[in-house]
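K.L.:
Next comes the sequence, and after it the predicted model I'd like to discuss.
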Amino acid sequence: SQTIHQWPATLVQPVGSPLSLECTVEGTSNPNLYWYRQAAGRGLQLLFYSVGIGQISSEVPQNLSASRPQDRQFILSSKKLLLSDSGFYLCAWGSGYTPSEQYFGPGTRLTVT
Amino acid sequence: AQSVTQLGSHVSVSEGALVLLRCNYSSSVPPYLFWYVQYPNQGLQLLLKYTTGATLVKGINGFEAEFKKSETSFHLTKPSAHMSDAAEYFCAVNLQGGKLIFGQGTELSVKP
């Protein structure tokens, strides 16, 4: 069966510091991968998605970036965090075929102070 | 263009009462529709999905949803609410390339 991992589970970082969140998927190959952000009391905002190694599409311009160095690894990064980067970050995977549901990881709670 | 509207950001029901969470969609192509549940500080869990075929879809935890093309709706129901159903619920519709558009979510509270 497929599983998806995210770490760290929680993170408190000062403004201006770098960020690296990691997501890995097990039990499937060549998945589509997604990064979402969920701000307090709001819905899900798609940040990035990837259909393959090194292929990243950005949905919202901001100071975040994503990379996919391996087939089942997806990394979200920032060089300098802003207060507005606080939120709950969710990674998800899907088969990429239509119809395709997505399966979510447990999330990372990021607080920028 | 596809979009999803969830009517009611907060819904409160008594334990044992009917749960009805509303979702309307807009899609230029035959839609594939999903309901997810999110418990506090957790990821989203797929409750059920509609792709093709039977318009009444049964999911986990006793939930079901009915696809009504004429009403462009995909409302989520459960005959009898349980305290453990308290969570946030998201409706979603597919986009090309495997992407989903999510509604803003409905927070369900269950009163004893």
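P.N.:
Alright, I've got the coordinates. Given the structure is predicted, the values throughout are model-derived calculations rather than measurements. Numbering: from 1, shown residues only, chains lettered A, B, ... in the order given.
K.L.:
Show me what the residue lying closest to B:Pro40 once chain neighbours are set aside is bridged to.
P.N.:
Once flanking residues are discounted, B:Pro40 sits nearest to B:Ala87: 7.7 Å by CB to CB, 6 or more residues apart in numbering or on different chains. (Glycine included, C-beta is placed from N, CA and C.) Judged by DSSP bridges, the bridge partners of B:Ala87 are B:Leu108.
K.L.:
Near chain A, which residues of chain B are found?
P.N.:
Listed as neighbours of chain A in chain B under the rule CB under 8 Å from any CB of the partner chain: B:32, B:34, B:36, B:41-46, B:49, B:51, B:90, B:94, B:96-100, B:102-105.
K.L.:
low-scoring pLDDT stretches of the chain, where are they?
P.N.:
Went with chain A since none was named. A:41, A:61, A:98-99 (pLDDT under 70).
K.L.:
let's do chain B instead
P.N.:
By pLDDT under 70, the low-scoring segments of chain B are B:96-97.
K.L.:
just the strands in it please.
P.N.:
Under the criterion DSSP state E, chain B contains strands at B:3-7, B:10-14, B:19-26, B:33-38, B:44-50, B:56-58, B:64-68, B:73-78, B:87-94, B:100-102, B:106-111.
K.L.:
now the angle from the fourth one to strand B:64-68?
P.N.:
Going by axes from the mean of the first three to the mean of the last three CA atoms, to 10 degrees, strand B:33-38 is angled at 150 degrees with respect to strand B:64-68.
K.L.:
Quick one: list the elements packing against strand B:33-38.
P.N.:
Judged by 3 or more CB pairs under 8 Å, 6 or more residues apart in numbering or on different chains; DSSP states H and E, strand B:33-38 is in contact with strand B:19-26, strand B:44-50, strand B:64-68, strand B:73-78, strand B:87-94.
K.L.:
Now mean neighbour count and distance to A:Cys23 too, for those, in JSON lines please.
P.N.:
Putting those into JSON lines (neighbours: other CB atoms under 10 Å in any protein chain shown; distance: least, CB to CB, whole Å) gives the following:
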{"stretch": "strand B:19-26", "mean neighbour count": "18", "distance to A:Cys23": "28"}
{"stretch": "strand B:44-50", "mean neighbour count": "20", "distance to A:Cys23": "14"}
{"stretch": "strand B:64-68", "mean neighbour count": "18", "distance to A:Cys23": "29"}
{"stretch": "strand B:73-78", "mean neighbour count": "21", "distance to A:Cys23": "28"}
{"stretch": "strand B:87-94", "mean neighbour count": "24", "distance to A:Cys23": "19"}
